[in-house]
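Trainee: Fold the following for me, if possible:
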Amino acid sequence: MDDFEKYLQECKRIRKTNKRLLKEFEVWLESSGLKEKTIRDHVMNIDFYINEYLLYEEATKARDGAGLVDMFLGYWFIRKAMWASKTSIRGNAASLKKFYTFMHGKGLIESKDLNDLKATIKTEMPEWLETLARFDDPSVEEVW
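Mentor: Numbers count the residues shown, from 1 in each chain. Next up, the predicted model:
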């Protein structure tokens, strides 16, 4: 078996685990009293993060993805998601905070990882939004 086949098998295994995690996350969100549309948006955002971004180049498990939000929201999402906007970046940031709070509650990530994720989102959000504005501006040649 070559490396690509191993990668595909690992992605398949991770997606199976992610499916269960997403269902548990949805139930957790429901128990917090959020509206159905808000829950659906959070689940869709996290599905995209854990099943697209985290599996894009390497087979990264959801629990190992808390430290990767800067590259996701500050670069990859802006380039790959046609719907990238200030609202969608902020919405994804909120979803990621909720998801990794859920993961912490399950004992799947450490407090430090959750705190680092929240700090990254807080400090980097202005830069992500500025990068998006440069990306969307046809007169800007050097986006990154």
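
Trainee: Closest to the centroid, which residue in this structure?
Mentor: Centroid-nearest residue in the chain: Y49, 3.6 Å away (criterion: Cα atoms, centre = their mean).

Trainee: Quick check: N92 touching N45?
Mentor: Yes: the pair N92 and N45 qualifies as a contact (Cβ atoms under 8 Å) at a distance of 4.9 Å. Just so you know, the C-beta spots here come from the backbone N, C-alpha and C atoms, and that holds for glycine as well.

Trainee: what about the two, which has more around it?
Mentor: N92 (25 against 20; other Cβ atoms under 10 Å).

Trainee: Which elements pack onto the helix or strand harbouring the more buried one?
Mentor: Here N92, judged by DSSP states H and E, is contained in helix 86-105. On a contact count with 3 or more Cβ pairs under 8 Å, 6 or more residues apart in numbering; DSSP states H and E, helix 86-105 meets helix 3-31, helix 36-48, helix 77-80, helix 111-136.

Trainee: Swap in 6 Å and give it another go.
Mentor: helix 36-48, helix 111-136 (3 or more Cβ pairs under 6 Å, 6 or more residues apart in numbering; DSSP states H and E).

Trainee: Single out the most deeply packed of these.
Mentor: Of all the helices and strands packed on helix 86-105, helix 36-48 has the most neighbours on average by mean count of other Cβ atoms under 10 Å, namely a mean of 17.

Trainee: so how far is that helix from its chain's centroid?
Mentor: Its chain's C-alpha centre and that of helix 36-48 lie 11 Å apart, by Cα atoms, centre = their mean, to the nearest Å.

Trainee: Same check on stretch 93-109?
Mentor: Worked out by Cα atoms, centre = their mean, stretch 93-109 lies 11 Å from the chain centre.

Trainee: can you dump the C-alpha coordinates of that stretch into CSV?
Mentor: Output in CSV follows, covering the C-alpha atoms of stretch 93-109 (Å, rounded to 0.1, in the frame of the first residue of the first chain):
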residue,chain,number,x,y,z
ALA,A,93,-14.5,31.5,14.9
ALA,A,94,-17.6,31.3,17.2
SER,A,95,-18.2,27.7,16.0
LEU,A,96,-14.6,26.7,16.6
LYS,A,97,-14.7,28.2,20.2
LYS,A,98,-17.9,26.2,20.9
PHE,A,99,-16.6,23.0,19.4
TYR,A,100,-13.3,23.0,21.2
THR,A,101,-15.1,24.0,24.4
PHE,A,102,-17.2,20.9,23.8
MET,A,103,-14.0,18.8,23.1
HIS,A,104,-12.5,20.1,26.3
GLY,A,105,-15.6,19.1,28.3
LYS,A,106,-15.2,15.6,26.9
GLY,A,107,-11.6,15.5,28.0
LEU,A,108,-10.3,15.4,24.4
ILE,A,109,-8.2,18.5,24.6
